[in-house]
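J.: Model the following, please.
(chains A and B)
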Amino acid sequence: MKSNIESIMENYNITFQFSKKIKTILAVFIVIGVASLAYGIFAYSPTKVWSALLLNSVNFLTIGLGATFFVAVHIITQSGWHVSVQRIPEAISMSLPFGAIFMIIMLFGLNNVFHWIHEVHHDPLIMKKEAYLNVPFFITRLFIYLAVWILFTYVLRNLSKKSDLNDGLKYYNKSRTYAALFIVFFAITIVTFAWDWLMSIEAHWFSTLFGWYVLAGVIVKSFAVIIIIVAILRKLGYLEFITKENIHDLARYLFSFAIFWMYLWFSQFMLIWYANLPEETLYFIKRVDNYGFLFYLNLILNFLIPFLVLIVRKFRRILWIVTSIALVVFAGQWLDHYLMIFPGTMLDVQKIGIFDIGLTIGFIGILLWTVLQSLTKAKLLPKNHPYLQESFHYENL
Amino acid sequence: MKLISGYFNKEASLLEAVKSLRANNIKIKDVFSPYPVHGLDQAMGLRRSWLPRAAFIGGAFGAISGFLFQAWVFTRAYPIKIGGKPFLATPSFIPVTFEFAVLFAAFSIVFAYLLKSNLGVGANNKIYDERATDDRFVVVLDTSNVDEQEAEKIKSKFEETGAEGIKYEE
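T.: Prediction:
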């Protein structure tokens, strides 16, 4: 078995081939998205359309961002297990510029989503927040986040691509500095990003945990997407070198961060529920009373199902089970964003309909297109990575 | 019970001895080592540990009993209105339930481990070699039901793989 893996690694020069058939399927996805958007513009209020766009843009952007986080974390911890799948988060992170474009488009709809924009001059509570919460600074912040995130993503990706051509160790050591800088910047900006784009929808409400709670969601979502892409590539006949141990580790990430997400969600919920301050409780009252089913479904999808299934060691090693759980978590994180945005922006109770789902399918089509396109640009195995051997020769207890 | 034990100074020769004994269909009673040896579990053909299952059962029991206990206290035994909350205030029970789960899971692992390994208070295990806790590896075989020829074979296997010494015990 050992010699088999070694021969695969020595001869592995394959890059992904983006076939016509897959392109057609993804084009259909995108057409569905565009059609839903057109339908939504005619059928619904601009606020609803912009809210749906905000949901999908944030979802799209944070998937790419979480993938860069994955790459950076594994560089600064010098871990080796992930090397066989490393090119997949790298490819996902290449979707970040598209996410940035969607966020910039969102700037045209700020008035429809953020009520503080209208009230910043006469609402006494929001006036106190004006030093932070004003439109010019809001837009400047967005551009700073996007520029730095994309810069680091490209630097890390290019260093990894260069290592294919010659000395892997040299470029690996270089990338460690950038990865460390990115982690620090990411940790701060993902929190402020969550304040800006998700918490300020209900500008009277605030929670100190909110940023970390969003961060946990972003991380678990990007792990889920990595697993889904691995499964798609396996289905298409690539990545035959991935071992059961690699799958086990990916599944363990999904498992542990689902628990971490639940921990932060509950910490935020319980403190607000227990203290019972009117201005804080209002946030949850809206969601429990009007969106009761979705509110509890969110917990089932994001915690209960992954927890109960992936707690079994055997299941963590079977790709199709792990992939189905990843799909559940992906849907759950989408729903989580839905519950952050829609009860805040829309006065009347909303139902998830064809428009919301169709638009999301469109965004998924764009995401998969960019990811698969960037997978064609580099070899599927970083064969000069210094920890390449480690990722094939280890065992999970 | 007749026992035969081989003593090794090197990890590599211990692994080799265990493998060659098992390749010859000789049953190993136990192996003593001062520290966990990589690959020894596979070489001995040990099954996966069932301790995680003990932890799960203990944890599930702890979580359920912890929750039910609080529910009983706050609704039946001594109901008090606290902060205008309902008597059965589920969210405020969760942290305690979680701690119960952790505590019981930890206890069940510790006790299951002590029980399985014959350790703990009042344990009276045979010490085959005192240096097995320091720098020596010991392989113990039960030879009660084994004939002369077989015992001779075990001895030769030990010698082949570089055993430092061989001991016979009744």
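J.: How about the residues of chain B by chain A?
T.: Within reach of chain A by C-beta under 8 Å from any C-beta of the partner chain, chain B has these residues: B:Pro52, B:Phe56, B:Gly83, B:Gly84, B:Lys85, B:Pro91, B:Ser92, B:Ile94, B:Pro95. C-betas here are computed from N, CA, C, even on glycine.
J.: among those residues, which are in helices?
T.: With helices defined by DSSP state H, the entries of the residues of chain B next to chain A inside them are B:Pro52, B:Phe56, B:Pro91, B:Ser92, B:Ile94, B:Pro95.
J.: Now list the buried members of those.
T.: In those, burial by neighbour count holds for B:Ser92, B:Ile94, counting by 16 or more other C-beta atoms under 10 Å in any protein chain shown.
J.: Closest one to chain A out of the ones in helices among the residues of chain B next to chain A, please.
T.: B:Pro91 (4.9 Å; C-beta to the nearest C-beta).
J.: which stretches of chain B aren't confidently modelled?
T.: Nowhere does chain B drop to pLDDT under 70.
J.: repeat that with 90
T.: B:1-50, B:80-85, B:115-136, B:138-170 (pLDDT under 90).
J.: Could you break it into its assigned domains?
T.: B:3-47+B:125-169, B:51-117 (automatic domain parsing).
J.: Can you lay out the ones you listed as TSV showing distance to A:Asp123?
T.: Putting those into TSV (distance: least, C-beta to C-beta, whole Å) gives the following:
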stretch	distance to A:Asp123
domain B:3-47+B:125-169	64
domain B:51-117	29
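J.: Of those, which is nearest A:Leu133?
T.: Closest to A:Leu133 of the domains of chain B, according to C-beta to C-beta: domain B:51-117, at 30.5 Å.
J.: who's in contact with B:Lys27?
T.: Counting by C-beta atoms under 8 Å, 6 or more residues apart in numbering or on different chains, B:Lys27 touches B:Leu141, B:Asp142.
J.: quick one on the thing from earlier: may I see the residues of chain B next to chain A arranged in JSON lines, with distance to B:Val140 as well?
T.: Output for the residues of chain B next to chain A, formatted as JSON lines (distance: C-beta to C-beta, whole Å):
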{"residue": "B:Pro52", "distance to B:Val140": "27"}
{"residue": "B:Phe56", "distance to B:Val140": "32"}
{"residue": "B:Gly83", "distance to B:Val140": "62"}
{"residue": "B:Gly84", "distance to B:Val140": "66"}
{"residue": "B:Lys85", "distance to B:Val140": "61"}
{"residue": "B:Pro91", "distance to B:Val140": "54"}
{"residue": "B:Ser92", "distance to B:Val140": "54"}
{"residue": "B:Ile94", "distance to B:Val140": "48"}
{"residue": "B:Pro95", "distance to B:Val140": "47"}
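J.: Check those and tell me the two furthest apart.
T.: Across the residues of chain B next to chain A (C-beta to C-beta), the longest gap, 42.1 Å, separates B:Pro52 and B:Gly84.
J.: Look at the closest residue to B:Ile80 other than its chain neighbours and say how many residues are nearby.
T.: In space, and not counting its chain neighbours, B:Ile80 is closest to B:Phe74: 7.5 Å by C-beta to C-beta, 6 or more residues apart in numbering or on different chains. Neighbourhood size, B:Phe74 [other C-beta atoms under 10 Å in any protein chain shown]: 19.
J.: again, but for B:Gly59
T.: Residues near B:Gly59, counting by other C-beta under 10 Å: 21.
J.: where does it land in three-state SS?
T.: Three-state call for B:Gly59 (DSSP: H, G, I helix; E, B strand; the rest coil): helix.
J.: Quick check: it vs B:Gln70, distance?
T.: Relative to B:Gln70, B:Gly59 is positioned 17 Å away (C-beta to C-beta, to the nearest Å).
J.: Around chain B, which positions in the stretch 251-397 of chain A sit nearby?
T.: Going by C-beta under 8 Å from any C-beta, the residues of the stretch 251-397 of chain A near chain B are A:Phe266, A:Phe269, A:Met270, A:Trp273, A:Tyr274, A:Asn276, A:Ile311, A:Arg313.
J.: Go again with 7 Å.
T.: Within the stretch 251-397 of chain A, the residues that sit near chain B (C-beta under 7 Å from any C-beta of the partner chain) are A:Phe266, A:Phe269, A:Met270, A:Trp273, A:Tyr274, A:Asn276.
J.: What pLDDT is listed against the fourth one?
T.: In other words, A:Trp273. Confidence at A:Trp273, expressed as pLDDT, is 93.
J.: I'd say it and B:Ala89 touch.
T.: No - here A:Trp273 lies out of contact with B:Ala89, judged by C-beta atoms under 7 Å, at a distance of 8.8 Å.
J.: if we can go back for a sec, between the residues of the stretch 251-397 of chain A next to chain B, which has the most around it?
T.: Among those, A:Phe269 has the most neighbours (other C-beta under 10 Å), with 20 neighbours.
J.: in a strand, that's where B:Tyr7 is, yeah?
T.: Yes - in this structure, B:Tyr7 lies within a strand as judged by three-state DSSP.
J.: and residue 122, which of the three is it?
T.: Reading this off chain A. A:His122 - assigned by three-state DSSP - is coil.
J.: Wait, chain B was what I had in mind.
T.: Of the three states, B:Gly122 takes coil under three-state DSSP.
J.: Look at it and say how many residues are nearby.
T.: Counted by other C-beta under 10 Å, the residues lying close to B:Gly122 total 4.
J.: Excluding chain neighbours, what is closest to the spatially most distant residue from the centre of chain B?
T.: Here chain B reaches farthest from its C-alpha mean at B:Gly84, the gap being 49.1 Å by C-alpha atoms, centre = their mean. Spatial nearest neighbour of B:Gly84, excluding adjacent residues (C-beta to C-beta, 6+ apart): A:Asn276 at 7.2 Å.
J.: Kindly report the same for A:Leu209.
T.: Spatial nearest neighbour of A:Leu209, excluding adjacent residues (C-beta to C-beta, 6+ apart): A:Gln268 at 4.3 Å.
J.: could you pull out the helices for the stretch 251-397 of chain A?
T.: Secondary structure of the stretch 251-397 of chain A (DSSP state H, counting those that start in this stretch): helices located at A:278-290, A:292-299, A:305-310, A:313-316, A:319-345, A:354-375.
J.: The longest one: how far from the chain's middle?
T.: To tie it back to what came earlier, the one meant is helix A:319-345. Centroid separation for helix A:319-345 versus its chain: 10 Å, with C-alpha atoms, centre = their mean, to the nearest Å.
J.: A:Val49 is in contact with A:Ala43, isn't it?
T.: No - in this structure A:Val49 lies outside contact range of A:Ala43 using C-beta under 7 Å: 9.1 Å.
J.: For A:Ile22, grab the count of nearby residues.
T.: Counted with other C-beta under 10 Å, residues neighbouring A:Ile22 total 16.
J.: And it, how close does it get to A:Tyr238?
T.: For A:Ile22, the distance to A:Tyr238 equals 12 Å [C-beta to C-beta].
J.: for the residue lying closest to B:Phe104 once chain neighbours are set aside, helix, strand, or coil?
T.: Leaving aside its chain neighbours, B:Phe104 sits nearest to B:Gly62 (2.7 Å; criterion: C-beta to C-beta, 6+ apart). Secondary structure, three-state DSSP: B:Gly62 is helix.
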